[in-house]
Each structure stands twice: as C-alpha cells, then as structure tokens.
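S.K.: A predicted structure for the sequence below; I have some questions about it.
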Amino acid sequence: MNRNIYDTAIIGAGASGLMAAITAARANMRVVLLEHMDQAGKKLSSTGNGKCNYTNLDLTIDNYYCKEPDFVKTVFAQFSYMDTIHFYEELGIRPVQKNGTCIYPESEQASSVKNVLLAEIKRLKIPILYSVGIRRIHKVHNSHVFEILTKEKPFYCKACILATGGMAAKKTGSDGSGYLYARQLGHTIVPPLPALAALVAEYNKWKLPAGVRIECGAALYVDGKKYASEHGELQITDYGVSGIVIFQLSRIAAQALESHRKTEVLLDFKPKMAIEELADYLQERFQSKYHVHKSAADCLIGFMPDKMISVMLKRSEIHADRSCILCSRKQLLQLAQLIKNYKISIKGIKGFDMAQATSGGVPVHEIHAESMESKLVSGLYFAGEMIDVDAKCGGYNLQWAWSSGYLAGKCSAAKDDWPNDL
C-alpha cells in the first residue's frame with residue numbers, strides 16, 4: 001500500500017472524532033486525526049459544568065430530535081449506553097449514577113474522560129495534527145481516494161469521517177466548517193439553529209428579577225398551543241430565562257422563532273401544588289398567628305425567593321405593605337394563579353456562542369443509518385453534532401457522539417472495496 005494514503009482520516013478531534021479514530025485504529029486501520037484547534041476535546045472538557053454527564057440510562061428516542069426517529073434507533077442498536085459504560089470502564093472510568101439516570105465519571109471531572117481517550121489515542125499510535133486549516137475536500141479524479149487540501153500540505157485517505165461538530169460554542173472549535181466540506185462533497189444542510197440555549201424575554205413593565213435560581217415547571221406555547229413541558233432549575237437573567245428547564249425547551253422555541261411564530265413560556269413556581277391547594281395554603285399562612293401582624297411582603301419570606309416577592313404581589317394587585325389579615329380570598333387566589341401560571345413572551349434565543357448544542361446539519365436521509373456512510377459519496381462518513389440529530393440535556397448528546405463515532409469508525413474500517421493506491 002502507498003504509505004502516503006491513510007485508511008481513514010477523521011476531521012475533528014472532538015468527542016465523536018476521537019471515538020471514530022479509536023474504533024478504526026482498533027480494526028488495524030492506518031488513521032490520522034486532523035484538528036483545526038490547538039488541542040483535542042476542548043468542548044468535551046466543559047460538558048456537564050466540567051463534570052461530564054457522558055451517558056444516560058434512559059436512552060429513549062423521546063429524548064432526541066430527529067426527523068426520522070428510526071435513524072437514531074438503528075445507530076443506538078449497534079452501540080448503546082451499556083457499550084459506552086463498558087468502553088470507558090476498560091479505559092479506567094468507573095461510572096457513577098446521579099440525578100436519576102445520568103452517568104458521570106467517578107472523578108466527576110470531564111478532563112478524566114478526555115484524558116483517557118487521548119491516552120488510548122496515544123497507545124494506538126494515532127497521529128493528531130493540530131491547527132490544521134482545511135481548504136477543500138474532494139475525490140481524486142478517477143479514484144476512490146479523498147484529497148484533503150490544507151494550508152500546509154495535502155492528505156490522502158480511502159475513508160473520510162467528518163466529525164467537526166456544529167456551531168455551538170465556537171470558542172471550543174465548533175465553527176460550522178464541516179458544513180462547508182459536506183456541501184463541497186454534494187450534501188445539503190438543514191439550516192443550523194442554537195439548541196440548549198437561554199431564551200430572551202420580551203418584558204413589559206413586569207420583569208422578573210435577575211439572579212434568582214428556582215426549581216419550577218415550564219411549558220412552551222407556540223401560537224397558543226402547548227408544545228412541550230419540563231421541570232428543573234430556572235435561572236432568571238437580565239435578558240430573560242435560562243437554566244436546565246429552559247434549555248430543554250429551547251430547541252423547539254428556536255424553530256418557532258425562526259418561523260416568526262408567537263412563542264411563550266408559562267412558568268409554574270409551585271408545580272407540586274394545585275391552584276386551589278396553593279390558595280388554601282396562602283390563606284392559612286396569611287391568617288396564621290405568626291404572620292397576622294406582618295405585611296404581605298414579609299409574610300411571603302421563606303415561601304419564595306426574596307427578589308420575586310414584590311413582583312408577584314404587584315402583579316396580583318396586592319400592596320406589599322398591606323396587612324396580611326386584610327388580604328382577601330380573591331386576592332390570594334389571584335396570587336396563586338400567578339404563581340402557577342407566570343407567562344413570559346419570548347422574542348429570541350441566545351446565539352451559538354452561548355448555546356450548548358446545534359440543531360440542523362447534514363440531513364439523516366442522506367446518510368445510511370447502519371454505517372453512517374454518505375448515500376451520495378462512497379467512503380464519506382459523518383459523526384456527531386454535524387448531523388441533523390440533537391437531544392435534551394442529560395448526556396444524550398454525548399451518547400449520540402459516542403454511538404455515531406463508533407459506527408463511523410467501525411464501518412469505515414469494514415469496507416472491502418478499497419483501492420490499493422492512487
């Protein structure tokens with residue numbers, strides 16, 4: 001074999017690219033990793049707030065967004081969350097289950113996951129070339145070989161895996177360049193949008209106070225119709241709302257906002273209580289011998305974050321200085337209704353720089369689910385976030401990276417129609 005031709009070249013040394021490289025190299029393929037950043041796995045280092053929720057035991061299709069759900073099912077049937085756990089256990093990462101079904105490394109450090117991957121890359125003697133500026137990828141004329149033109153020199157390979165990520169968190173290397181390469185090779189791109197991102201509110205005079213963190217329920221309404229609901233931590237910011245509960249809704253919100261549809265979030269600050277139950281509790285609290293001497297504002301201390309009290313009372317038409325004993329059942333029912341149904345109009349979503357994931361990318365109908373190989377270009381494979389598959393928070397996006405990367409690496413190594421040389 002011509003030693004100037006690699007069996008497999010992987011573009012992008014992120015989560016899916018590292019997995020693809022390891023899998024192909026374990027199949028005795030001659031592999032090279034090309035990365036345009038100055039280090040590998042930069043985005044991986046920050047996942048899970050630096051703790052790396054690397055998979056989830058609840059690996060159901062309901063947690064994924066894909067126009068063809070069977071595509072995702074087919075991929076996971078070949079590399080599941082159990083395969084991921086076993087893969088990392090072999091590399092020294094012991095799993096710890098937290099927050100329900102989320103799996104973290106025992107060290108609770110994302111750097112541990114990245115470092116064991118790089119250690120395996122080193123053991124397999126896979127070269128990683130950094131700061132590589134790719135200008136073009138194409139097939140050599142009358143050949144099955146890919147030519148990857150860079151600023152420094154060309155690279156040749158029999159299989160090319162595009163694992164460049166999407167456009168979220170550009171500072172970590174996801175700048176959308178993979179879409180350019182895919183288009184050069186004849187693929188179309190579903191327009192990318194931010195996912196797992198904060199939402200920008202259109203406040204009138206009632207603005208929630210920034211800096212508050214609170215567990216709540218949240219429902220997303222588009223043109224008055226409920227599309228999704230979640231429960232989790234809400235973070236109130238100076239521009240709108242953030243936190244896990246909002247991230248889980250943001251993908252659908254982004255699609256709605258892109259279509260200029262009316263988008264609203266309904267917040268439930270006491271999701272475990274019905275409105276009448278809450279109203280009864282408030283009445284009992286306001287009439288308690290321990291509170292009757294207090295103002296309405298003082299009575300609510302300890303029941304909700306201090307910063308929220310004045311806003312909730314004003315919107316319920318209860319004066320903050322009004323004596324508790326003078327608050328009517330009607331006023332308390334109105335307060336309960338507001339606590340359970342606080343509506344916020346959404347005018348935008350924070351951009352890719354603040355997003356954790358990307359929706360859009362190479363459409364799945366252009367990719368073979370059984371192999372991750374392009375249906376348009378033989379020998380071209382895709383992995384990870386640059387495919388039009390994304391998911392909720394909870395390790396689901398990383399599991400997609402592991403599964404699609406594994407499958408691309410495995411199947412690129414299994415092709416039996418490789419040419420011997422140029």
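M.R.: That came in fine, so what should we check first? Nothing here was measured: the structure is a model prediction, and the numbers come from that model.
S.K.: okay, CA-based contacts and neighbour counts for the rest of this
M.R.: Noted.
S.K.: and the residue nearest the centre of the chain?
M.R.: Among the residues of the chain, A357 comes closest to the average C-alpha position under Cα atoms, centre = their mean, at 3.9 Å.
S.K.: which ones are touching that one?
M.R.: 166-169, 194-197, 385, 390 (Cα atoms under 8 Å, 6 or more residues apart in numbering).
S.K.: so can I have JSON lines of the residues you listed showing distance to E317?
M.R.: Below are the contacts of A357 laid out as JSON lines (distance: Cα to Cα, whole Å):
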{"residue": "G166", "distance to E317": "47"}
{"residue": "M167", "distance to E317": "45"}
{"residue": "A168", "distance to E317": "42"}
{"residue": "A169", "distance to E317": "43"}
{"residue": "P194", "distance to E317": "38"}
{"residue": "A195", "distance to E317": "37"}
{"residue": "L196", "distance to E317": "35"}
{"residue": "A197", "distance to E317": "33"}
{"residue": "E385", "distance to E317": "48"}
{"residue": "D390", "distance to E317": "43"}
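S.K.: save these as TSV, and put in pLDDT, distance to Y179 and neighbour count too.
M.R.: Shown next, in TSV, are these (pLDDT from 0 to 100; distance: Cα to Cα, whole Å; neighbours: other Cα atoms under 10 Å):
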residue	pLDDT	distance to Y179	neighbour count
G166	95	8	29
M167	95	10	31
A168	93	13	28
A169	87	16	20
P194	96	15	27
A195	96	17	31
L196	96	20	31
A197	97	21	29
E385	97	11	30
D390	97	16	26
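S.K.: next, count neighbours for Y203.
M.R.: Applying other Cα atoms under 10 Å, we find 14 other residues in the vicinity of Y203.
S.K.: re the thing from before, is the residue nearest to the centre of the chain in a bridge, and if so with what?
M.R.: A357 has these beta-bridge partners by DSSP bridges: A195.
S.K.: could you measure from it over to G165?
M.R.: To G165, A357 is 9 Å away according to Cα to Cα, to the nearest Å.
S.K.: which residues do those two both contact?
M.R.: Common neighbours of A357 and G165, using Cα under 8 Å, 6+ apart, are E385.
S.K.: for the longest helix belonging to the chain, packing partners?
M.R.: Looking across the chain with DSSP state H, the single longest helix is helix 396-414. Packing partners of helix 396-414 (3 or more Cα pairs under 8 Å, 6 or more residues apart in numbering; DSSP states H and E): strand 5-11, helix 15-26, strand 55-56, helix 69-78, helix 81-90, strand 154-162, strand 380-382.
S.K.: could you dump those into JSON lines and include distance to I349 and mean neighbour count?
M.R.: Output for the helices and strands packed on helix 396-414, formatted as JSON lines (distance: least, Cα to Cα, whole Å; neighbours: other Cα atoms under 10 Å):
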{"stretch": "strand 5-11", "distance to I349": "29", "mean neighbour count": "25"}
{"stretch": "helix 15-26", "distance to I349": "26", "mean neighbour count": "28"}
{"stretch": "strand 55-56", "distance to I349": "26", "mean neighbour count": "26"}
{"stretch": "helix 69-78", "distance to I349": "26", "mean neighbour count": "16"}
{"stretch": "helix 81-90", "distance to I349": "31", "mean neighbour count": "15"}
{"stretch": "strand 154-162", "distance to I349": "28", "mean neighbour count": "24"}
{"stretch": "strand 380-382", "distance to I349": "28", "mean neighbour count": "27"}
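S.K.: done for today, thanks.
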